[in-house]
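J.: what follows is a predicted protein model with its sequence.
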Amino acid sequence: MIKLENVTKAYPTGNTALADVSFNIERGEFVFLIGPSGSGKTTLFRLLIRDTVPTTGSIRIGDWDLVTLPHKKVHNLRKNIGMVFQDLKLLRDRTIYENIMFPLEVGNMDTKEAKERVDMIIDRVGIADHVNKFPIQLSGGELQRAAIARALAFNPEILLADEPTGNLDSTTSWEIMKLLQDINAGGTTIIMATHSADIVNSLKKRTLVLEKGTLTRDDARESSKHDDSVGLEKDNIVEETKE
Ligand SMILES: Nc1ncnc2c1ncn2[C@@H]1O[C@H](COP(=O)(O)OP(=O)(O)O)[C@@H](O)[C@H]1O
Ligand SMILES: [Mg+2]
């Protein structure tokens, strides 16, 4: 479903963030992406949401070729790939409810359908008590849940979570892990970047290790889940409405 072949990303500054990285991830997998700060984890996520393009190599997600994908199709791709950013990127001047609603508004979803969707997601991630608050009024764990909720707005097939437990205490981290595992059990493919040896060692998931931009380990323990019956195909993705 996600296929990287010989991906190298050099930033214009001369930094090579990723060097010759190749791997496949199948539908429904839960994969940890680990490596020290600066090893290329966030760059890999940015490539997967087409926030940037590789210098060389190919990236395919389902039928999408991310290198040649036209700019005007990028938002279609992003409906299928939810991203929980390392710095969350919640809008400070909007409530949690409005933050979760935001991508649906931008995506021109029918208001009634959008509200139903948001209510369902709020329930699923367990932040019903906080939806009318502003981000500054929430704890770290609640903010993380809000960011996960927003990433789920379009019911994406893939969820990328960039160090979602990075700033949380151990109890709260495990609550977030439980939520992510529940989402994965519902069929969503998850890639989670983390520093936490405790979480990685406890959960026995496939683990990709990056060191200075090189993939030094791909421990594909549970990588056999595969189901071709529902595909991330161009036909399944709603075309953009004409402006
Ligand atoms: N926008 C950028 N411009 C130049 N260099 C960058 C940029 N983003 C990241 N880098 C560099 O690329 C490398 C990988 O960074 P990053 O992907 O953020 O790693 P991680 O998420 O594992 O900490 C680092 O050396 C970092 O300094
Ligand atoms: Mg990072």
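T.: Received, thanks. Ligands and ions are numbered 1, 2, ... in the order given.

J.: quick one: stretch 43-57 near ligand 1?
T.: Yes: remark: stretch 43-57 sits within contact range of ligand 1 at Thr43, by CB under 6 Å from any ligand atom. Glycine gets a C-beta too; all of them are placed from N, C-alpha and C.

J.: what mean pLDDT does that stretch have?
T.: For stretch 43-57, mean pLDDT is 98.

J.: can you pull the pLDDT of the residue nearest the centre of the chain?
T.: Note on the chain: the residue nearest the mean C-alpha position is Leu160, at 1.6 Å, using CA atoms, centre = their mean. The predicted local confidence for Leu160 comes out at a pLDDT of 98.

J.: any idea how far it lies from ligand 1?
T.: To ligand 1, Leu160 is 12 Å away according to CB to the nearest ligand atom, to the nearest Å.

J.: how far off centre is the strand or helix carrying that residue?
T.: Assignment of secondary structure by DSSP states H and E places Leu160 within strand 158-162. Strand 158-162 has its average C-alpha position 2 Å from the chain's average C-alpha position, going by CA atoms, centre = their mean, to the nearest Å.

J.: list the buried residues of the helix or strand following that strand.
T.: Sequence-wise, the next helix or strand downstream of strand 158-162 (DSSP H and E) is helix 170-185. Residues of helix 170-185 classed as buried under the neighbour-count rule (16 or more other CB atoms under 10 Å) are Thr172, Ser173, Glu175, Ile176, Met177, Leu179, Leu180, Ile183, Asn184.

J.: so the second one sits right up against Ser196, yeah?
T.: Yes: the pair formed by Ser173 and Ser196 meets the contact definition of CB atoms under 8 Å, at 6.8 Å.

J.: hang on, the earlier thing: list the beta-bridge partners for the residue nearest to the centre of the chain.
T.: For Leu160, the residues forming beta bridges with it (DSSP bridges) are Met83, Ile191.

J.: what's the spacing between it and Asp51?
T.: Noted for Leu160: a distance of 11 Å to Asp51, by CB to CB, to the nearest Å.

J.: again with Leu208
T.: Here Leu208 is placed at a distance of 19 Å from Asp51 (CB to CB).

J.: which of those two has more neighbours?
T.: Comparing Leu208 with Asp51 by neighbour count (other CB atoms under 10 Å), the higher total belongs to Leu208, at 22 against 13.
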